[in-house]
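Engineer: Could you work out the structure for the sequence below:
(2 chains)
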Amino acid sequence: MPDQIHSETNLHKEAEELLPWYATGQIGAEDQMLVEQHLSNCAHCRRQLAFERRMVDEFAALTPQVDTGWARLRRRLESRQSWRQRAARELALLRQSFMRPQVAALAFAQLAFVIVAGSMLFSLSRPSYRALGSAPPPQSANVIAMFSADTTEPQLRHLLQSNGAAFVGGPTPADAYLLRVPAKSREVVLVHLRADRHVLMAQPIDGASS
Amino acid sequence: MREGPNVNVPGTAFRSRTADPPQSVLDERELLERIKAHDMDAFERLYRIYQPRLTRFLVNLVKRPQLVEEVLDDTMMVVWQTAGNFRGTSKLSTWVFAIAYRKALKARARWPDPLENEERDSRVSNDPSPDAELERSRVHDALTRAMDALSTEQRAVVDLTYFHGLGYRDIAEILSCPVDTVKTRMFHARRRLKQALSGTLADWL
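Structural biologist: The predicted structure is shown next:
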């Protein structure tokens, strides 16, 4: 008997919890059957169901002031989209423009002009004085030399280092290089250079400061 | 400006939903497909379907009219931006309301409720009522106050049930909680509403 009472109490609680959705029709078939069976013998739940139905009507009539707001949201969407679209459009236009040969040539010429003008401006704007501690200016070449075509970089490096020589300029139009060697040992260095099989030619440069 | 007939016709909200023909669901799905392709006209149509329902839902959660607009816009922005992520495993309305609920909770964390009665006039229609409407107006005021006394979670469940006509499973999904929690919240909320309305609605309680 107590079990039966307990079970009926649970059933009542379960049915009462479901009443709002029974009233709105948003209830599963099984739950609906449970509620309907219970309603047939529970006056409390029948009154409660009347309350639920009244609440549904009252809530439907409880109308807030509503602003359409679409214009506001659309402005927000478009402002977000517009900068992205503008950027994408500009990029696309730029890309298209550079694909056209005339524009590409013009752009290249402009770029070249900017580089040349920039470097001229840079060199003109360099101060004519030298601050203390500035790096010393490159020394003048006192030897001109030509190397065979099969000379490798390590061989060249070894040749210069062993003679105390350093590149100053070149290659010239004749593929010769300007070297700076210690002035006092220039003659000896020249002998050494000429004796090396990679050196095609090594001559002192007259007039070079030493 | 007031919204169209979706909101202003008393008693139609849940009835129209319960009688929703499958076609309306199909229409919404079709709109969503177009929104995925960034069709602004389709988005406007979806907005006009959901705006009254979401406004109504949010008014009961965040209370401040300015904040309602902000959360509504934020919600629809998410819909616009993440429409491609909607896989259709739940109803579209459930997905949209779940976004709105999360946005509302975040907004509430930033902005607590206004003091009692502050801004109430702008929340609920207070058009001059003829004598025959005075009683209804009185009931609505009482109902509004009674709702205000509920917790955010209870208000959400009550409104989604009575006004929006959603089932307990959909509500559980929107609120990210078990179905039994929805039932329990509703049970306690109804009890509190009944107590709060006992003076006003004595004739039918």
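
Engineer: hmm, who's touching the helix or strand harbouring residue A:20?
Structural biologist: Per DSSP states H and E, residue A:20 falls inside helix A:2-24. For helix A:2-24, contacts defined as C-beta atoms under 8 Å, 6 or more residues apart in numbering or on different chains pick out A:27, A:31-32, A:34-35, A:38-39, A:42, A:44-45, A:48-49, A:52-53, A:55-56, B:14, B:18, B:161-162, B:165, B:167-168, B:183-184, B:186-187, B:190. All C-beta spots, glycine's among them, are computed from the backbone N, C-alpha and C.

Engineer: Buried ones among those?
Structural biologist: Among those, those scoring as buried are A:27, A:31, A:34-35, A:38-39, A:42, A:45, A:48-49, A:52-53, A:55-56, B:14, B:161-162, B:165, B:167-168, B:183, B:186-187, B:190 (criterion: 16 or more other C-beta atoms under 10 Å in any protein chain shown).

Engineer: Need the residues that contact stretch A:32-40.
Structural biologist: Under the contact criterion C-beta under 8 Å, 6+ apart, stretch A:32-40 has outside partners A:11, A:12, A:14, A:15, A:18, A:19, A:22, A:27, A:45, A:46, A:49.

Engineer: avg pLDDT for that stretch?
Structural biologist: Across stretch A:32-40, the average pLDDT comes to 93.

Engineer: swap in stretch B:64-84?
Structural biologist: 89.

Engineer: hmm, that stretch in reach of chain A?
Structural biologist: Yes: Stretch B:64-84 comes into contact with chain A (C-beta under 8 Å from any C-beta of the partner chain), by way of B:65, B:69, B:72, B:73, B:76, B:77, B:80.

Engineer: ok, the first one - how many residues close by?
Structural biologist: Which is residue B:65. For residue B:65, the neighbour count with other C-beta atoms under 10 Å in any protein chain shown is 18.

Engineer: what residue ranges in chain B are flagged as low confidence?
Structural biologist: B:1-26, B:112-133, B:200-205 (pLDDT under 70).

Engineer: domains of it?
Structural biologist: What automatic domain parsing lists as the domains of chain B is B:10-114, B:132-205.

Engineer: residue boundaries of the helices in chain A?
Structural biologist: Along chain A, the stretches classed as helices by DSSP state H are A:2-24, A:29-39, A:43-61, A:70-99, A:101-125, A:153-162, A:186-195.

Engineer: Mind giving me the packing neighbours of whatever helix or strand residue B:160 lives in?
Structural biologist: Applying DSSP H and E as the criterion places residue B:160 in helix B:152-162. When contacts are defined as 3 or more C-beta pairs under 8 Å, 6 or more residues apart in numbering or on different chains; DSSP states H and E, helix B:152-162 sits against helix A:2-24, helix A:43-61, helix B:40-62, helix B:92-110, helix B:131-148, helix B:168-175, helix B:179-197.

Engineer: Among those, which comes closest to residue A:201?
Structural biologist: Judged by C-beta to C-beta, the one of the helices and strands packed on helix B:152-162 that comes nearest to residue A:201 is helix B:40-62, at 77.5 Å.

Engineer: thinking again about what came up before, now the contacts of stretch A:32-40 as JSON lines including pLDDT?
Structural biologist: Shown next, in JSON lines, are the contacts of stretch A:32-40 (pLDDT from 0 to 100):
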{"residue": "A:11", "pLDDT": "89"}
{"residue": "A:12", "pLDDT": "93"}
{"residue": "A:14", "pLDDT": "93"}
{"residue": "A:15", "pLDDT": "94"}
{"residue": "A:18", "pLDDT": "96"}
{"residue": "A:19", "pLDDT": "95"}
{"residue": "A:22", "pLDDT": "95"}
{"residue": "A:27", "pLDDT": "93"}
{"residue": "A:45", "pLDDT": "93"}
{"residue": "A:46", "pLDDT": "93"}
{"residue": "A:49", "pLDDT": "93"}
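
Engineer: ok so, going back, residue A:120: which of the domains of chain B is closest?
Structural biologist: Closest among the domains of chain B, once you apply C-beta to C-beta, is domain B:10-114, at 50.3 Å.

Engineer: now the helix holding residue B:160 and helix B:40-62, what's the angle there?
Structural biologist: Put simply, helix B:152-162 runs at 130 degrees to helix B:40-62, going by axes from the mean of the first three to the mean of the last three C-alpha atoms, to 10 degrees.

Engineer: So what angle separates the directions of helix B:152-162 and helix A:2-24?
Structural biologist: Using the same axes, to 10 degrees: helix B:152-162 against helix A:2-24 is 70 degrees.

Engineer: next one: helix B:152-162 to chain centre, how far?
Structural biologist: 8 Å (C-alpha atoms, centre = their mean, to the nearest Å).

Engineer: No further queries at this time; thank you.
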